[in-house]
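[1] predicted model, plus sequence, below.
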Amino acid sequence: MALSGDSTPHVTTIAHFVSTLGDEIARGFAAVVAVCDAQGLITREMFAIDGVKLPSNAAKHRSGTRADFERQATKLEAAAKTLIATHRATDTTDASETTARLAGGPAGHSSATLATTRYADRLARLERDAAELREWLATHPDDRRGVKGGIRKSNRTDNDSVKVATSAGVIRGYTGVAAVDAGHQIIVDAQAYGTGSEHELLLPAVTAIQPLLAPTSLITADAGSHSEANLRALHALGVDALIADNAMRGRDERFVTQAAHKAAGDPLHDKRRPPPTLSGQLPASAFTYDPEARTCVCPAGRALVRAGRHRVNRDNIWEAFQGTTGVCGPCPLREQCLKRPATTAVRTVNSLRGKTVPLPPTRSAQMRVAIDVPANRARYGRRLATVEPVFANVRHNKGLDRFTLRGCEKVDAQWKLFCLVHNIEKLAHHGYAA
């Protein structure tokens, strides 16, 4: 309001203002965070890091790999050639009919004239779309690559955006990451990324807020950021963190009855195939295994043969045994022993032979132990109440339900601008107002 003199700028003016002032917005965001810190609004007790996935100003139907765009351009060019050939075949007939109509009366819009106009419009559209594809392919000689080297789909309207999975389905957009202090919900770092893998975004946020960390500061993040590589990196940085794993709630007695509160799914929209009908199978405990003699005897009293060498799964040594067609074929316990007697020839059993030298505990295993401590569960429980209200304020109250600009640099500026406004609001309510 101050910059526009209390007038109403056009939407393009606002978009140009935001898209061209990325550096100034970043400096303004950092300055507001410094003022919030000076006012005592950053307690440094706990920082919650999370990301929100928002759709971008990109057309989903313009997504694909270079091979997809090559095929589309070839099809458009072939369609244009077919259209030209068809028009040439009928050109003589249309010309004679038009000449006859013009000779017999005043000039008008004959059917031949309208057909020629429609032909010209369609041909121009096909040639224009094919030329745009060829131009894009020429300026983008390589496919986009993911972290593991796989090909990611490009987008011809906003090539920095990616397909991300959300609770509302798959969208084309960006992930806005925020690191929020638990004291007064001040956003101390805000960055937007063209990726949907949250575990890639944790370390950049931790690195950005490291100057603000105190020796007693705690970093919290959800299961999307849990990985062995992230936990090792945090340990190397000396950062105290609590990051949930996918099975954390399954180990928490408070969530034992959560399945009873979930709404039943619509059976008309359940596309999963029904499980196959299985016969009863005798458990592996019904087989007699001798680890010293390395033999295994089935419930029918017949000896099984070893199937290959032993295998090691972490610190467990397993040996596989299986029957032969001569043993399992006429066996009277076949119906009880095999899951699918009609299609399975012989029974295979894995027996535990022993253990190797115990492996050192991983950082993930140590984190699972740490987060299950009741005191740490209470500390981690504050994460949800710290970061989710911030996203609700930015998305619902401030109206950022989608990114309206294109390109990661401009989207990052837009994300920082909205987070800056959030911090100014907190500063007004809890800083200067106090």
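    Structure's in. What do you need?

[2] over to residue 348: give its phi and psi.
    The phi/psi pair for residue 348 (degrees, to the nearest 10) reads phi -120, psi 140.

[3] try residue 351
    phi -120, psi 140.

[4] pLDDT wise, what is it at?
    Per-residue confidence (pLDDT) for residue 351: 87.

[5] didn't it look like it was pressed against residue 317?
    No - shown here, residue 351 and residue 317 do not form a contact pair, counting by C-beta atoms under 8 Å, at 9.8 Å. Heads up, the C-betas are built off the backbone N, CA and C, glycines and all.

[6] and those two? Which one has more around it.
    Counted by other C-beta atoms under 10 Å, residue 351 and residue 317 do not tie: residue 351 has more neighbours, with 21 against 15.

[7] got the buried residues for the longest strand anywhere in the chain?
    Determined from DSSP state E, the single longest strand within the chain is strand 169-181. In terms of neighbour count (16 or more other C-beta atoms under 10 Å), strand 169-181 has its buried residues at 171-181.

[8] got it, and stretch 153-168?
    For stretch 153-168, using 16+ other C-beta under 10 Å, the buried residues are 153-156, 158-162, 164.

[9] so how far is that stretch from its chain's centroid?
    How far stretch 153-168 lies from its chain's middle: 10 Å, per C-alpha atoms, centre = their mean, to the nearest Å.

[10] just the residues contacting that stretch, thanks.
    53, 56-60, 62-66, 68-69, 132-133, 136, 140, 143-144, 152, 170-175, 194-196, 406-408, 411 (C-beta atoms under 8 Å, 6 or more residues apart in numbering).

[11] and residue 426, how many neighbours?
    22.

[12] also residue 142?
    8.

[13] how close does the closest residue in space to it that isn't next to it in sequence get to residue 143?
    What sits nearest to residue 142 in space, not counting adjacent residues and going by C-beta to C-beta, 6 or more residues apart in numbering, is residue 66, at 7.8 Å. Using C-beta to C-beta, to the nearest Å, we find residue 66 at a distance of 5 Å from residue 143.

[14] more neighbours: which of these two?
    When neighbours are counted by other C-beta under 10 Å, residue 66 and residue 143 differ, and residue 66 comes out ahead with 17 against 14.

[15] which pLDDT value belongs to that one?
    Confidence score, pLDDT, at residue 66: 87.

[16] separation between it and residue 162?
    In terms of C-beta to C-beta, residue 66 sits 16 Å off from residue 162.

[17] show me the helices in the stretch 101-250 of the chain, by range?
    111-139, 202-209, 228-237, 248-251 (DSSP state H, counting those that start in this stretch).

[18] most packed of the ones you listed?
    Stretch with highest mean neighbour count among those: helix 202-209 (a mean of 19; mean count of other C-beta atoms under 10 Å).

[19] how far away is residue 248 from residue 242?
    10 Å.

[20] give the residues shared as contacts by the two.
    residue 371.

[21] now for the residue nearest to residue 123 when sequence neighbours are not counted: which residues touch it?
    In space, residue 123 comes closest to residue 83 once its chain neighbours are excluded; the distance is 5.5 Å by C-beta to C-beta, 6+ apart. Applying C-beta under 8 Å, 6+ apart to residue 83 gives the contacts 119, 122-123, 126.

[22] pretty sure residue 83 sits in a strand.
    No - Residue 83 is assigned helix when assessed by DSSP: H, G, I helix; E, B strand; the rest coil, not a strand.

[23] report the contact partners of residue 15.
    Applying C-beta under 8 Å, 6+ apart, the residues near residue 15 are 404-405.

[24] residue 69 now?
    Neighbours of residue 69 in contact, by C-beta under 8 Å, 6+ apart: 133, 136-137, 154, 156.

[25] and it, how close does it get to residue 63?
    Taking C-beta to C-beta, one finds residue 69 at 10 Å from residue 63.

[26] hey, what's the spatially closest residue to residue 196 that is not a sequence neighbour bridged with?
    For residue 196, ignoring the flanking residues on the chain, the nearest one in space by C-beta to C-beta, 6+ apart is residue 164 at 3.3 Å. Residue 164 forms beta bridges with residue 171, as assigned by DSSP bridges.

[27] which intervals of the protein have sub-threshold pLDDT?
    91-115, 147, 261-280, 314, 357-359, 433-434 (pLDDT under 70).

[28] from residue 331, how far off is the closest residue to residue 333 other than its chain neighbours?
    In this structure, residue 333 finds its nearest non-sequential neighbour in residue 300, 5.2 Å apart by C-beta to C-beta, 6+ apart. Using C-beta to C-beta, we find residue 300 at a distance of 5 Å from residue 331.

[29] and the two? Which one has more around it.
    residue 331 (20 against 15).

[30] what residue is smack in the middle of the protein?
    Nearest to the mean C-alpha position of the chain, by C-alpha atoms, centre = their mean, lies residue 196 at 3.5 Å.

[31] list phi and psi for that residue.
    Dihedral angles (degrees, to the nearest 10) for residue 196: phi -110, psi 0.

[32] quick one, what contacts it?
    Counting by C-beta under 8 Å, 6+ apart, residue 196 has contacts 53, 162-165, 175.

[33] now do 7 Å
    By C-beta atoms under 7 Å, 6 or more residues apart in numbering, residue 196 lies in contact with 53, 162, 164-165, 175.

[34] next: residue 22.
    Taking C-beta under 7 Å, 6+ apart as the test, what residue 22 contacts is 409-410, 412-413.

[35] closest to residue 189 among those residues?
    In terms of C-beta to C-beta, no member of those lies closer to residue 189 than residue 412, at 11.7 Å.

[36] pull the most distant pair out of the buried residues of strand 169-181.
    Going by C-beta to C-beta, the pair spanning the buried residues of strand 169-181 furthest: 172 and 181, at 31.6 Å.

[37] can you tell me which two in the contacts of residue 69 are farthest apart?
    Distance extremes for these: the farthest pair is 133 and 154 at 11.7 Å, using C-beta to C-beta.
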